[in-house]
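**Student:** fold the following.
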Amino acid sequence: MLRYVKAFQASSLGLQSISLEEAVLAGRGQLESDGERSESAAVSPLAHDGTSGHPQAESRGGLPAAEPPGDEQSLNRLEDLVVRLSGARLHAITEERCVCHILDELDASRGGWVVTMNLDLLRKFLQQPDCRDLYSKATLFVADGMPLVWACRLQGTPLPQRVAGSNLIWSLSAQAANRCKSIFLLGGNPGTAEAAAFELQGRYPELKIAGTFYPQMGFENNEPQWEMLVAAVVCAKPDIVYVALGSPKQELLIEQLRDKLPQAWWLGVGISFSFLSGDVQRAPVWVQQAGLEWLHRLLQEPGRLGKRYLIQGIPFAIELLARAAVRRFFSSSSTERVTRLSQQPS
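**Tutor:** Residues are numbered from 1 along each chain as shown. Sure thing, here's the model as predicted:
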């Protein structure tokens, strides 16, 4: 971690004061002296860039390109793909289509906000009115959690795949490099934003890193710290901002900053910086696909995640799946009754 931090000397506003090319060169000698690192230690298991050597996300066609600025046809088409899960909106799109939509909207000078809805966010959405109102202000909602994918399938409104924020940070950054878009990394544990930027820059050399910033604990109640954070992000003028502060803190921050950069896209990505930096090991692909990534996380951080996963998460997941099955049953029963009635002679 230290070699990454040394490669990113920051100004008083938290902005990078050297180019990422210089940062890569500064860290490359140390990397070479350490020897070749295994790919699994340096790269997320699901880097969907098509060149990383990792499995590519399932593709079912790209989202149609956005219309010129002022034309709302692209947004209307996206709304046609919305499904409801316990009242929460989810867009039934693949990771590839999500990335295409964000970049097309950026090309059309339209900003937005992605909520990667996992089980914990959905629980807060349903149980906490403040969180429900907050999350509902986002532009794009994707299912970041296999229980949500299973529940949608059970109720008869299947999603094409899980779209995890920890995967999006790779695939979106890869395509941002191809489309000359810049990114900003905000939050995470100390040093992880710089380390994550270093990893992304190393994999995608053309990627523009607008800056990184780590706010001190309690920054939201400290006016000088808050002003420093705002200045760091706004002065960098990024196209895409990854915010890694946990929920709902990251969503509250996005809500307050969106209007200052209305043409940017904002994504809350939770612990993703720690995954990229290697501070926290992500579950193997087969564990993710089996819906057991939560167990892998729990084994690494039982004290912090025990309540969230065991006391809150498991009962809520069971209830969610049961309700989805009941909705499917009554929906099928209602359809069958209507069919029988329509077939009766008048």
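**Student:** ok, residue 255 touching residue 133?
**Tutor:** No - using CB atoms under 8 Å, residue 255 is not in contact with residue 133; the gap is 9.9 Å. The way it works is simple: take the backbone N, C-alpha and C, and place the C-beta from them, glycine included.
**Student:** compare the two and say which is more crowded by neighbours.
**Tutor:** residue 255 (17 against 11; other CB atoms under 10 Å).
**Student:** in which helix or strand does that one reside?
**Tutor:** Using DSSP states H and E, the secondary-structure element containing residue 255 is helix 249-257.
**Student:** any low-confidence regions in the stretch 51-200 of the chain?
**Tutor:** 51-76 (pLDDT under 70).
**Student:** show me the helices in it, by range?
**Tutor:** 73-79, 95-107, 119-127, 129-135, 146-154, 165-178, 192-203 (DSSP state H, counting those that start in this stretch).
**Student:** most packed of those helices?
**Tutor:** Highest mean neighbour count among those (mean count of other CB atoms under 10 Å): helix 192-203, with a mean of 25.
**Student:** ok, then the element right after that helix?
**Tutor:** strand 208-213.
**Student:** mind giving me the packing neighbours of the very next helix or strand once past that following strand?
**Tutor:** Following strand 208-213 in sequence order, the next helix or strand is helix 223-236 (DSSP H and E). Where contact means 3 or more CB pairs under 8 Å, 6 or more residues apart in numbering; DSSP states H and E, helix 223-236 is packed against strand 182-187, strand 208-213, helix 249-257.
**Student:** show me how far helix 223-236 is from its chain's centre.
**Tutor:** 22 Å (CA atoms, centre = their mean, to the nearest Å).
**Student:** may I have it as CSV, with CA atoms only?
**Tutor:** What follows is helix 223-236, C-alpha atoms only, in CSV (Å, rounded to 0.1, in the frame of the first residue of the first chain):
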residue,chain,number,x,y,z
GLU,A,223,-17.1,22.8,7.6
PRO,A,224,-13.5,23.3,6.6
GLN,A,225,-13.2,19.5,5.8
TRP,A,226,-16.5,19.7,3.8
GLU,A,227,-15.3,22.8,1.8
MET,A,228,-12.0,21.0,1.1
LEU,A,229,-13.9,18.0,-0.2
VAL,A,230,-16.2,20.0,-2.4
ALA,A,231,-13.3,22.0,-3.8
ALA,A,232,-11.3,18.9,-4.6
VAL,A,233,-14.2,17.3,-6.6
VAL,A,234,-15.6,20.4,-8.3
CYS,A,235,-12.2,21.8,-9.4
ALA,A,236,-11.2,18.5,-10.9
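**Student:** quick one: it to helix 249-257, angle?
**Tutor:** 70 degrees (axes from the mean of the first three to the mean of the last three CA atoms, to 10 degrees).
**Student:** in helix 223-236, which residues are buried?
**Tutor:** 228-230, 232-233, 236 (16 or more other CB atoms under 10 Å).
**Student:** what angle separates it from strand 182-187?
**Tutor:** Going by the same axes, to 10 degrees, helix 223-236 makes 160 degrees with strand 182-187.
**Student:** skip ahead from helix 223-236 and say which helix or strand is next.
**Tutor:** Counting by DSSP H and E, the next helix or strand C-terminal to helix 223-236 is strand 240-244.
**Student:** just the helices and strands packed on helix 223-236: most buried one?
**Tutor:** Among the helices and strands packed on helix 223-236, strand 182-187 has the highest mean neighbour count (mean count of other CB under 10 Å), at a mean of 26.
**Student:** sheet partners, orientation included, of that strand?
**Tutor:** Sheet pairing of strand 182-187 (DSSP bridges) gives strand 208-213 (parallel), strand 240-244 (parallel).
**Student:** looking at the ones you listed, which is nearest to residue 173?
**Tutor:** In this view, those are compared for proximity to residue 173 by CB to CB, and strand 240-244 is the closest at 7.8 Å.
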